[in-house]
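Asks: here you go, sequence then predicted model.
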Amino acid sequence: MTIRNLIPSLALLALTTSLFSAEKNVIFFITDDESPTLGCYGDKVAKTPAIDALAEDGTLFLNAYATTASCSASRSVVMSGLHNHANGQYGHQHAFHKFASYYNVIGLSLPRAMTNAGYRTGHIGKYHVAPEEVFHYETYLRGNSRNAVHMAEQSKEFITEQSDKPFFLYFATSDPHRGGGKDKTSKRDLKPDLFGNKANRKSHDGVEEVFYDPKKVPIPSFLPDTPETREELAQYYQSVSRIDQGIARLVKILKEADLYDKTLIVFTSDHGMAFAGGKTTVYEGGLRVPFVVRNPYEKERGVRHKALISHIDITPSLLDFAGGLDAETNRPKKWIDPNKYWKDKPYAAKENRGSTNKLSSYHGKSWVSVLGKPEEEHWDTVFASHTFHEIQMYYPMRVVRDSEYKLIWNIAHPLPYPFASDLWAASSFQAQFRKSMSAPYGQKTVREYIHRPEFEFFKIDEDPHESKNLAGEPEHAEALERYKKKLKAQQQKFHDPWVMKWSYE
């Protein structure tokens, strides 16, 4: 073939590829233990240009909340649209922790629903839910979950596959979770965790690591301003910037394949940063998460949305975008009846199926219609439900929060607050713990962090850092009683077994 004949052929091939690229694809990008420490949220230190660009071209939610600050339990919420106390996955799924969702959650499962809506479904990175048959993806990709750039490369073939079906890719990093050892170059006795970074300032393959000066990192209100905290935050921020480069690579792959304007991108985290006062707590540092949505079919861009949204909204929203949500029943149009599905599958233990009538519609609701409408509300109240993290950490907490007040009910308040093993060992916590129980730790002392009252009540619009507990203040007694009733109503609405604790103990 001559060059003259080759050029039209290549042009035709490019046109054909574009014409047969399916519309309305979805990439759901979820990180591990990340707070809204991004440039688009006003963080002046964070170097996150790719995520910031998505926010400029989409919708940034300023008040997005996880329902529990525990990795596995939170992911069960993300993939089911149900609070974890209702889906059965009360804590960690892996190893001896052994928590799993009820088999009957299959009717609402995100990957199952997207498959039934006509999508090719793929997963890469952290999974951390069970049973697999409930949360089943058609394709499981392999990639280094500590290197989002590598994960993006490993996803390229799946993303660009020529098919008349759109794709749904669940993209889950292990960054910026703690792990990878200690930074032995630190001159301090208590060494900072590496947060997945390479030791001795080395780089992950294909990543231009961004290194942060501990002296310049901002200190969240729930942490003490100490050298140990600063060193750990510098490592955390480096991990956050590595995630950003993965976003950049995904966007480039989409643009090169003419898919960027055919793909919804959602970016969030399972919960807040892995520091005592963040992860495993139901304080703002644990529940408030970054949430950016870039919908190519939404005309209004660069929206900074104040609406309250919750992780229970993710599954119904993605399914709504895919055209697979029955708005009347608030469940998939092609709903799988769990009783029929499991009828001839005896390995699905009947005692772990849950109540079908309580698992037949989503707790959350779609935010797709409000993306370009910053004045629109979504929830007037959000509810949070935490019971376990690791199996040793029984400490049920229930939360109701709106734009004025926030109430935390520490159901097991006579117990000392239990620590995740990695947070207990954190240099940022141990430095204060070893000083004394009276040592300051964020807005509290170490003692106050470990020993908590039954109720914590904050005027959250005036006290966003949760510094003053109003539960014992006479002038707030009426409001406290009102929010207790509100909390109980939320528990009843979302079928929380712990609602019975109002009646005894």
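Replies: Structure received.
Asks: C-alpha only now, for contacts and for neighbours.
Replies: Fine.
Asks: what's the single longest helix in this structure?
Replies: Assignment by DSSP state H gives helix 227-256 as the longest helix of the chain.
Asks: packing partners for that one?
Replies: helix 49-56, helix 148-160, helix 427-433 (3 or more Cα pairs under 8 Å, 6 or more residues apart in numbering; DSSP states H and E).
Asks: pLDDT below threshold where in the chain?
Replies: Within the chain, the stretches with pLDDT under 70 are 1-20.
Asks: spell out the residue ranges of the helices in it.
Replies: 3-19, 49-56, 71-78, 84-87, 110-116, 148-160, 227-256, 284-287, 314-321, 338-342, 421-424, 427-433, 446-450, 477-493.
Asks: so which of the ones you listed comes closest to residue 380?
Replies: Of all those, helix 477-493 sits nearest to residue 380, with 11.8 Å by Cα to Cα.
Asks: what's in contact with that closest one?
Replies: Under the contact criterion Cα atoms under 8 Å, 6 or more residues apart in numbering, helix 477-493 has outside partners 383, 398, 399, 400, 407, 457, 471, 498, 499.
Asks: one more: stretch 154-173?
Replies: The contact list for stretch 154-173, computed with Cα under 8 Å, 6+ apart, reads 17, 20-32, 114, 118-127, 141-143, 145-148, 243, 253-254, 257.
Asks: next: stretch 27-38.
Replies: Outside stretch 27-38, the residues that reach it (Cα under 8 Å, 6+ apart) are 43, 46-48, 51-52, 71, 168-177, 237, 240, 243, 263-274, 279, 285-286, 288-290.
Asks: 7 Å instead?
Replies: With contact meaning Cα atoms under 7 Å, 6 or more residues apart in numbering, stretch 27-38 is reached by 43, 46, 48, 168-177, 264-274, 279, 288-290.
Asks: got it, and stretch 384-395?
Replies: With contact meaning Cα under 7 Å, 6+ apart, stretch 384-395 is reached by 67-68, 70, 85, 90-92, 97, 280, 396-400, 412, 418-420.
Asks: buried subset of those as a PyMOL selection?
Replies: For the buried members of the contacts of stretch 384-395, the matching PyMOL selection, counting by 16 or more other Cα atoms under 10 Å, is:
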select buried, resi 67+68+70+85+90+91+92+280+396+397+398+399+400+412+418+419+420
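Asks: give me the buried subset of the contacts of stretch 27-38.
Replies: Using 16+ other Cα under 10 Å, the buried ones in the contacts of stretch 27-38 are 46, 48, 168-177, 264-274, 279, 288-290.
Asks: can you tell me how far residue 273 is from residue 235?
Replies: 12 Å (Cα to Cα, to the nearest Å).
Asks: ugh, wrong one, I meant residue 203
Replies: 13 Å.
Asks: these two: who's more crowded?
Replies: residue 235 (24 against 15; other Cα atoms under 10 Å).
Asks: tell me how far that one lies from residue 196.
Replies: From residue 235 to residue 196 the distance is 8 Å (Cα to Cα).
Asks: go on, residue 179?
Replies: Residue 179 is 5 Å from residue 196, by Cα to Cα.
Asks: still on that earlier bit, narrow the contacts of stretch 154-173 to just the buried residues.
Replies: Buried among these (16+ other Cα under 10 Å): 17, 21-32, 114, 118-127, 143, 145-148, 243, 253-254, 257.
Asks: out of the residues you listed, which are inside strands?
Replies: 25-31, 120-125 (DSSP state E).
Asks: now, the most widely separated pair of those?
Replies: It's 31 and 120 that sit farthest apart of those, by Cα to Cα, at 22.0 Å.
Asks: give me the most central residue, the chain.
Replies: In the chain, the centroid-proximal residue (Cα atoms, centre = their mean) is residue 270; its distance is 2.1 Å.
Asks: leaving out sequence neighbours, find the closest residue to residue 143.
Replies: residue 151 (4.8 Å; Cα to Cα, 6 or more residues apart in numbering).
Asks: roughly how far does that neighbour sit from residue 123?
Replies: Applying Cα to Cα, the value for residue 151 to residue 123 is 11 Å.
Asks: tell me how far residue 354 lies from residue 417.
Replies: For residue 354, the distance to residue 417 - Cα to Cα - is 29 Å.
Asks: what residues are up against residue 333?
Replies: Residue 333 sits next to 324, 325, 326 when contact means Cα under 7 Å, 6+ apart.
Asks: restricted to buried residues, select the residues you listed in PyMOL.
Replies: In PyMOL, this line selects whichever of the contacts of residue 333 come out buried by 16+ other Cα under 10 Å:
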select buried, resi 324+325+326
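Asks: my guess is residue 222 contacts residue 443. True?
Replies: Yes. With contact defined as Cα atoms under 7 Å, residue 222 reaches residue 443; the gap is 5.9 Å.
Asks: please say which of those two ends up with more neighbours.
Replies: residue 222 (21 against 17).
Asks: what's the closest non-adjacent residue to the more buried one?
Replies: residue 442 (4.1 Å).
Asks: quick one: stretch 246-259 to chain centroid distance?
Replies: Distance of stretch 246-259 from its chain centroid, counting by Cα atoms, centre = their mean, to the nearest Å, is 22 Å.
Asks: let the chain start at 4 from now.
Replies: OK, 4 is where the count begins now, so the last one is stretch 249-262.
Asks: tell me the buried residues in that stretch?
Replies: Result for stretch 249-262 [16+ other Cα under 10 Å]: buried residues 249, 250, 251, 252, 253, 254, 256, 257, 260, 261, 262.
Asks: how much space between the first one and residue 362?
Replies: Taking Cα to Cα as the measure, residue 249 falls 35 Å from residue 362.
Asks: now the last one
Replies: Counting by Cα to Cα, the gap between residue 262 and residue 362 amounts to 35 Å.
Asks: got it, and residue 135?
Replies: Per Cα to Cα, residue 135 is found 18 Å from residue 362.
Asks: quick one: end-to-end length of stretch 431-440, please.
Replies: 15 Å.
Asks: for the residue nearest to residue 286 when sequence neighbours are not counted, list the residues it contacts.
Replies: Excluding the flanking residues, the one nearest residue 286 by Cα to Cα, 6+ apart is residue 280, at 7.1 Å. By Cα under 7 Å, 6+ apart, residue 280 lies in contact with 225, 226, 288, 289.
Asks: for residue 500, the count of nearby residues, please.
Replies: Counted with other Cα under 10 Å, residue 500 comes out at 11.
Asks: measure it to residue 367 for me?
Replies: 19 Å.
Asks: ok, back up a step: will you turn the helices and strands packed on helix 230-259 into TSV that also has distance to residue 489?
Replies: Formatted as TSV, these follow (distance: least, Cα to Cα, whole Å):
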stretch	distance to residue 489
helix 52-59	34
helix 151-163	41
helix 430-436	34
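Asks: figure out which of those is closest to residue 308.
Replies: Closest of the helices and strands packed on helix 230-259 to residue 308 is helix 52-59, at 10.7 Å (criterion: Cα to Cα).
Asks: what lies in contact with that closest one?
Replies: By Cα under 7 Å, 6+ apart, helix 52-59 touches 42, 43, 247, 248, 250, 251, 295, 297, 304, 305.
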